[in-house]
Each structure stands twice: as structure tokens, then as C-alpha cells.
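[1] give me the fold of what follows.
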Amino acid sequence: MKRYFALLFAAVIAHAASAQTPPKAPNPVKIFGKVDKSELELKNCEFEKDANAMVLFEKGDLYYDNNFNIIMEYHERIKVFNDNGKDVANIKINYYGGNRLESISDIQAQTYNLNGDKIDVTKIDRKQIYNQTIDKARNQYTFSLPNVKAGSVIEFKYRRTINSVTYIPAWNFQQRIPVAYSELITAIPDFLVFRAPMHITQQFAKNVNTTESKSVGSGQEAFMYTDVKDDRALANVHSLPDEPYMTSESDNLQNIHFVLVSYRPVGGLQKDFQNSWEKIGKLLMDDEDFGGQLKRKLNNEEPIIAKAKSLKTNDEKIAYVFGEVKNAMKWDGVDRWYTNDGTRAAWDKKSGNSTEINLILYHLLTASGVKAYPMVVSTRDNGKVNPVYPFIYQFNRGVVYIPIDSTNHYVLDAANKYNNYRETPFYLLNSSGLYLDKEHDKYELEFLETPSPVRRAIFVNANISADGRMDGSAIIRNQSYDRNDVVKAYKTAGEKKYIEQLSDHDNNLKISSLKMDDIDIDSLPLTQNVQFKLDLTGSDGNYIMFKPTMFTSLQNNPFIKEDRFTDIDFGYRNAIFLNGNYKMPTGYKADALPKNISMVMPDKSIAFTRIIEEHEGTISIAYRIEFKKTIYFKEDYPEMHEFYKKLQEMMNEQIVLKKS
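    Sure thing, here's the model as predicted:
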């Protein structure tokens, strides 16, 4: 199998660190095996008190050997504060070993515990270090540190060899637990000029640049060059939390990448190292585990192709073939941009990785006369594609790209049972895909988005009785991604559990009937017809109180926390409309109605409107909230936090009825 590690070409430095002189900081990195008693006596993380564990330090020392292979010496030490932090002792080292690009060696690991005034050391048994083959390209070393308990310190180190002149892995200064100190030292020959795009949100604790003259070879083949040495470190780095509407770790971790921007041929290094998306596309189409699978005949494919060809329009053909593949194939949960067993084997066993399923889809569509193209993409969990960073392992899934006209296209992924062929899957939005047109020698990135807002409409009609009960019906119309989420929740959880979700687990709200219209026709909106009864708690013989915002899911605020560490990505624009009519009981009148109001974000990207009126014994309400953009940077979070705080207050304001 061919594996092409695309080279770094150009980059944009985002969220760069301050240009001010960094503060002086002591270097806490120590020799392997030399643990201080103070580290074992440490009770908590000073800058993140509730952490279960913390990285005391990690250090990477990257340099080139005399054969111009890249060497990374890695060393990490971790403190375990309590039993909930013991999972940090389960170590996984991923590397690209299937194509021999990388190898891992010299693994050492041990645990330290305080026994009175004595430090006990427990070394790992090398037989407990396992090297697993994940697939054709990826390998993983796994091991668990022994004798780990609350209060332990663990450390490990290893040597990583990269058989490449230009592939330098990214370095993450941040982790899922707090990091007291993270340092990366790079020594790169001056004939290879890398730019270092960074996602750094705090000032460097160390940022030092030096040079050192080097010579390689002997006699006429000898040549001189200069190592450019950069020593960068961050201190007191907060852990990366799970936050509502965040994307992947790689999108949000404080890190540094390395992008080759130029080179100067010296000695025997007379190779063009620079790359482009066009080169990546061509290599993909020539790869036996991607392009080599596109035209492979499948067993018993003839009836599907014949049926598709008999249909009149392209949309009919696409819908039919998409449905056949989606229903026939089962995704094995693996995402790679390449096939593992191949399309024929996957088709025969009716199971495969995401790319195998979608290359089967591509083959059947093109055989049926549909003009389609293969495309590689990155899912939301994998991270957004950096368009100035031509590197194949940014992608983790193959899909099918079908242009409709000059402005519209379909992106098809049959690995997910709940996808609609007309809509780009939610988990691909706001990133880029590389589509491959070998016939016209065209290989371009396409930004994947949904410009039209997704609408949800809720209509409620209810009667309120004098004993503080509400009896009513609701019609909920769900479109697009909103529809997909509802169908998936309903079919996977079952009706009983879905009704609990729909009622927001409110024991006072009883749904007696639920009917789903057009649940199996994904080209139509889903209509939920609901019959319900609601006990209006807090009511007495003189007053009845109720919130008219049931079924909106907007009563709960996802942005409660004061601080935000990651960007917000809603995925798509959203619009929610709520209309309701509530018949008051005889002898009651409105005593307090929430005020009619309009509220917008400072940048006008979110707008909320509420209108409430009383007329002839009926309270009529109209709520409307529209999201006009999808991505908000964490730097703008205070505005989002304040807006949602006010929005929640308004959504939870009650209508008060008083007995005349």
C-alpha cells in the first residue's frame, strides 16, 4: 500500500503569542528517575484546584541525525492526586508504523510512591508493553504504569524516529489535564525553512532562539550547514475541558505546527519537498487503497445499476443508489481516508470502514450514469482542515461529491443511516473537503457549509382548568438536521425514552399520545403530533402560573460558565418559532404577562423576539429566535454568555392568571 505523507507548504499564524519579552521561568524538567519528595507530597494543582491529575512537565527534544532522519526524544512526568486521576497511567503512543515512516524505541516507564520518608520505585515489566497494529498505516504502543494510587507520580520516556526530512509532528502544549510545564526544543537545518503556525493563547514562559554550525560527510561529499534551534515552553496551562458546541481537541488545543515553506538543496538532498493540494489529489487517485478501488466490480451489482439507469432524473438515481448502499452496508466505526479490506470484500460482508462504504457508493453511482467525484473530508471529531496545510492525514473519511450547478452540490456519506443525500452531513460542516477530478486534472478544496437556516416550528393549543391543569396539543415541525436528530433519537432510544426527552424529563408534563408523520420520507419535514397534560405547580385557588415554552429546549442554558476555553461552533444557522394559544378558565384574567420585547446580540448575529397578548379569554404568544451565524470565537464569549443569561430569564418568565 502506498502511503503519502504530504509536506507542509504554507501557513497562517493564528492566535500568536504576545511579542513582549517572555517572563523568566525556572526549568522544571528533570532527569528521568530523579523524583523530588516535594512532587510526591503535592496535594493539588495550584492553578486548577479541582484537577484529578496534572502534568508536572513534558519535554520534546527534536533534531536531525546524520542521515537526516528526524529524532524526537520525549519525556513526561505526571502527578496523580486522587483515584479519579488514575486513568492517566494508561498510556497510548500512536505512530505511523505500517508504512515504516515512524518507529518507537527505548520506552521506559516507572511509578513512584512515598513510603514514609522513602520513595518506592516500581518499573514496568517490558512484557507489559504491547505494540498493536491498528490498520495498514497506524500502530500503537500501549501500557499501564504499575502500582498507581492517589499520590503517585508516574513518568515515561521514549525515542521516536521519523524516516523523513520534512514531516515534523505537531506539538500540543495543552492536554485534557492541566500542564504545569511543557517544553519543545527543535534543531532544524537552515536549508529547510519551516514556518511555525501556532494556536497559543498565553504568553510563552520560554522562547529562545540560537544557532549551531554542523558538518556532515567527509571529503568531497562533506558540507556545512547551521542548525536553527528554538526552545519554546508554556507554563501553567489550563486543561482543555469538554464544552457545549466545541469541536475537536485538535481545533482547540494550544499547539504548534510545522510548515515547510522553502528549502535549499545541499549535499545529496536534491529533492522537491514542497507540496500542494493538487499533488495530494493526484497521489490519492494513484493510491491502490483509494483511487485503485473506484472502478472495482462488485458481486451482484447489475440489478442495482439497471434499476438506477431506468429512473428518469439524476435525483431519483442518487436517492435510489444512496438508499441501497445505506441500507445494505454497516459502518464498522472506523474512519480512515483509505480502505482497509477493499470495496469488494466490504461489499461481500456488508460491512466496512466509512471510505469503503462511500467508494462503493461512488462506483454504483458512476456506473448508473451519475457524474460524481470522490472527496476526502475531516469529521468534526477529527478537526477542521487547514487549507494552507497540504497534509493527507488531516482527512479521515472518503465521501462522494456531486456538483448540481455552479453554486450547489451534494456531499453524500452512506456510512450514517440517518443522513439525507440532499444535505451535507452535520459533522462535516464548516470545514473543507478535497474533491478529485482525475479526468480534468482538477483537485480543489471545497468549503462545506449550509447557508440556509434550519427551521423548527412549534404550535401549541391548550385549555387551562381552574384546578391548575393544562390539557392541550402541539404540532412540532422539524426540518433538515433538526429532523435527522429527532429521527435518530426516536429510532435508537425507542418511543418511551424519546417521550421522556421530548418532555425534558419534567414529571409534571405527561405526553399521552405521540404520532410521527413522514418519519421515513427524508425529503419531507418531520411532523410530531403531541397530546399532553401539564400540572401547573405553584398554582393555588387564586393564581395560576405557567411557562409557555415547553418543547423548545431553550429553557436550559448551555453557556452557564463564566469562562470559555474553546470556540463555539453551532454547525448551521438555526431558527425556532413558537406560537401558542392558551384558553383561560372561566373567572380568571391575566394578572401578569411578560413584556413584549426584542433583543439582539451586539453583532446582531442572534435575535430574539417575544410577543404576548390577551384577547377574549385567550393568551396568545409568539416567540422567535434566529441564529444568523454559526461560529463564535472564545474571545467573544462574554457577549454570548450575557445574551444567553438574559434569554434564559425571558424563556422562563411565567404568565400569571388571577381569579376575578
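[2] now residue 352, nearest residue through space, not along the chain?
    What sits nearest to residue 352 in space, not counting adjacent residues and going by CB to CB, 6 or more residues apart in numbering, is residue 346, at 2.9 Å. From N, CA and C alone the C-beta is placed, and that goes for glycine too.
[3] pretty sure that neighbour is touching residue 355, no?
    No - using CB atoms under 8 Å, residue 346 is not in contact with residue 355; the gap is 9.4 Å.
[4] any shared contact partners between the two?
    Overlap of the contact sets of residue 346 and residue 355 (by CB atoms under 8 Å, 6 or more residues apart in numbering) consists of residue 339.
[5] looking at the two, which is more packed in?
    Legend: neighbour count by other CB atoms under 10 Å for residue 346 and residue 355, higher for residue 355 (29 against 24).
[6] A helix includes the more buried one, no?
    Yes - counting by DSSP: H, G, I helix; E, B strand; the rest coil, residue 355 is part of a helix.
[7] run through the chain and note the low-pLDDT ranges.
    Residue ranges of the chain with pLDDT under 70: 1-27, 220-221, 265-274.
[8] the domain parsing of it - what is it?
    What automatic domain parsing lists as the domains of the chain is 37-263, 277-448, 454-659.
[9] next, the buried residues of stretch 494-510.
    Within stretch 494-510, the residues that count as buried by 16 or more other CB atoms under 10 Å are 498-499, 502-503, 509.
[10] same question, stretch 578-598
    578-585, 588, 593-594.
[11] now, the residues you listed that are in strands?
    Among the buried residues of stretch 578-598, the members found in strands (DSSP state E) are 578-583, 588.
[12] phi and psi next, for the residue nearest to residue 352.
    phi -60, psi -40 (degrees, to the nearest 10).
[13] which of the domains of the chain sits most buried?
    Each of the domains of the chain was scored by mean neighbour count; the highest is domain 277-448, a mean of 19, by mean count of other CB atoms under 10 Å.
[14] residue 129 versus the residue nearest to residue 107 when sequence neighbours are not counted, what's the distance?
    Residue nearest to residue 107 in three dimensions, not counting chain neighbours: residue 158, with 4.5 Å by CB to CB, 6+ apart. Note on residue 158: its distance to residue 129, by CB to CB, to the nearest Å, is 10 Å.
[15] spit out the residues that contact these two alike.
    Jointly contacting residue 158 and residue 129 under the rule CB under 8 Å, 6+ apart are 107, 141.
[16] quick revisit: quick check: which element contains the residue nearest to residue 107?
    strand 153-162 (DSSP states H and E).
[17] returning to what we had before: got the contact list for the residue nearest to residue 352?
    329, 339, 352-353, 356-357, 360.
[18] please name the nearest non-neighbouring residue to residue 57.
    Nearest to residue 57 is residue 181, by CB to CB, 6+ apart, at 4.4 Å.
[19] hmm, residue 235 and the one you found touching each other?
    Yes - in terms of CB under 8 Å, residue 181 counts as a neighbour of residue 235; the distance is 5.2 Å.
[20] please enumerate the helices of the stretch 301-450 of the chain.
    Applying DSSP state H, counting those that start in this stretch to the stretch 301-450 of the chain gives helices spanning 302-310, 314-328, 343-349, 354-367.
[21] also the chain?
    Taking DSSP state H as the test, the helices found in the chain are 37-41, 249-252, 277-286, 302-310, 314-328, 343-349, 354-367, 480-493, 495-502, 637-651.
[22] compare those helices and give me the one nearest residue 563.
    helix 637-651 (7.7 Å; CB to CB).
[23] could you check how far residue 629 is from residue 647?
    The gap separating residue 629 from residue 647 is 16 Å, by CB to CB.
[24] and what of residue 655?
    Noted for residue 655: a distance of 18 Å to residue 647, by CB to CB.
[25] likewise residue 279?
    48 Å.
[26] what's the answer for residue 437, then?
    Distance, residue 437 to residue 647, by CB to CB: 46 Å.
[27] and if you look at residue 395?
    According to CB to CB, residue 395 and residue 647 sit 37 Å apart.
[28] residue 409 now?
    Residue 409 is 35 Å from residue 647, by CB to CB.
[29] now do the contacts for the closest residue to residue 154 other than its chain neighbours.
    Once flanking residues are discounted, residue 154 sits nearest to residue 145: 4.5 Å by CB to CB, 6+ apart. Contact partners of residue 145, counting by CB under 8 Å, 6+ apart, are 89, 91, 109-111, 122, 124, 154, 156.
[30] one more time with 6 Å, if that's ok
    Neighbouring residues of residue 145 by CB atoms under 6 Å, 6 or more residues apart in numbering: 89, 109, 111, 154.
[31] contacts only, for the first one.
    For residue 89, the set of contacting residues under the criterion of CB under 6 Å, 6+ apart consists of 144-145, 148, 154.
[32] I'd like the distance between it and residue 364.
    Applying CB to CB, the value for residue 89 to residue 364 is 48 Å.
[33] and for the second one?
    Going from residue 109 to residue 364 by CB to CB gives 49 Å.
[34] repeat for residue 642
    Taking CB to CB, one finds residue 642 at 52 Å from residue 364.
[35] try residue 45
    Taking CB to CB as the criterion, residue 45 is separated from residue 364 by 55 Å.
[36] beta partners for the nearest residue to residue 623 once chain neighbours are set aside?
    Taking CB to CB, 6+ apart, and ignoring the residues beside it in sequence, residue 623 has residue 578 as its nearest neighbour in space, at 4.1 Å. Counting by DSSP bridges, residue 578 is bridged to residue 458, residue 623.
[37] check the gap between residue 578 and residue 554 for me.
    In this view, residue 578 and residue 554 are 9 Å apart by CB to CB.
[38] cool, residue 437 as well?
    44 Å.
[39] ditto for residue 466
    Distance, residue 466 to residue 554, by CB to CB: 29 Å.
[40] ok, residue 598 next?
    The spacing between residue 598 and residue 554, counted by CB to CB, is 16 Å.
[41] with residue 591 instead?
    In terms of CB to CB, residue 591 sits 25 Å off from residue 554.
[42] what's near enough to touch the closest residue to residue 311 other than its chain neighbours?
    Excluding the flanking residues, the one nearest residue 311 by CB to CB, 6+ apart is residue 317, at 5.0 Å. Neighbouring residues of residue 317 by CB under 6 Å, 6+ apart: 308, 311, 368, 370.
[43] tell me the two of those residues that are most distant?
    With CB to CB as the measure, no two of these lie farther apart than 311 and 370, at 10.2 Å.
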